[in-house]
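Chemist: Fold the following.
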Amino acid sequence: MITYTNVNFHLYAFLQICIMKMETKSERRVTPMKLKKLNRHISICKMESVDNVDLTRDFYFLGKTSRDITLVCNTSEAPENVLERSDGWSAFVIDEEMDLTMVGVMSELSGVLAKNHIGMFAASSYTTDYVLVKTIHFEEAMFALAQAGYEIVN
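Modeler: Numbering: from 1, shown residues only. Reported below is the predicted structural model:
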């Protein structure tokens with residue numbers, strides 16, 4: 001038989017569990033980080049193969065899936081024979097070495113950009129994350145992230 005006291009106890013226990021989960025989540029919450037602007041013009045290319053990609057260059061990011069091969073590079077170093085190419089990107093890097101177990105880094109960062117209607121393209125390596133934003137929205141993105149508590153450095 002359910003009594004008023006049992007319902008109150010169960011409601012109290014449920015609320016305590018919710019509060020504990022919220023406290024746990026806030027402890028895991030990623031604090032805003034230092035973001036370093038990269039002074040370069042960037043292109044995102046859809047490639048047929050990586051045969052013509054010069055991996056000795058300073059800045060290249062390659063991604064290969066079952067659907068495509070993507071190259072992120074300096075616009076001036078983009079290969080000629082690409083399937084598709086999107087120019088006009090600027091980037092910043094999270095200016096600290098990232099641990100693979102860190103939770104919520106991209107989620108919080110992309111959330112700030114999404115609230116400001118700014119699209120992004122992320123490229124992650126083993127130790128860090130790069131975020132690309134269309135150049136026409138780059139300063140707006142930096143302002144929004146600074147307002148959210150991120151430290152922006154040149």
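Chemist: going forward, measure contacts between C-alpha atoms and count neighbours the same way
Modeler: OK.
Chemist: Beyond the longest strand seen in the chain, next helix or strand please.
Modeler: Ranked by number of residues, the top strand in the chain under DSSP state E is strand 34-47. Sequence order places strand 60-64 as the next helix or strand after strand 34-47, per DSSP states H and E.
Chemist: what does the average pLDDT come to for that next one?
Modeler: Mean pLDDT, computed over strand 60-64, is 91.
Chemist: Beta-bridge partners for M47, please?
Modeler: I69 (DSSP bridges).
Chemist: where's it relative to G111, distance?
Modeler: Per C-alpha to C-alpha, to the nearest Å, M47 is found 29 Å from G111.
Chemist: quick one: contacts of the helix or strand hosting G88?
Modeler: If you go by DSSP H and E, G88 is part of strand 84-94. The set of residues external to strand 84-94 that reach it, using C-alpha atoms under 8 Å, 6 or more residues apart in numbering, is 33-47, 75, 128-136, 138.
Chemist: re earlier: any chance you could give me the longest strand of the chain in CSV, C-alpha atoms only?
Modeler: The C-alpha coordinates for strand 34-47 follow below in CSV (Å, rounded to 0.1, in the frame of the first residue of the first chain):
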residue,chain,number,x,y,z
LYS,A,34,42.7,29.0,-23.8
LEU,A,35,42.0,29.2,-27.5
LYS,A,36,44.8,30.2,-29.9
LYS,A,37,44.0,31.8,-33.2
LEU,A,38,45.8,30.3,-36.2
ASN,A,39,46.9,32.9,-38.7
ARG,A,40,46.3,31.0,-41.9
HIS,A,41,43.7,30.6,-44.6
ILE,A,42,42.3,27.1,-44.6
SER,A,43,40.6,24.9,-47.1
ILE,A,44,38.7,21.6,-46.6
CYS,A,45,39.0,19.2,-49.5
LYS,A,46,37.3,16.0,-50.5
MET,A,47,39.9,13.8,-52.1
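Chemist: pLDDT of it, averaged?
Modeler: Taken as a whole, strand 34-47 has an average pLDDT of 95.
Chemist: Outside of that strand itself, list whatever touches it.
Modeler: Strand 34-47 is contacted from outside by 68-76, 78, 81-96, 150-154, using C-alpha under 8 Å, 6+ apart.
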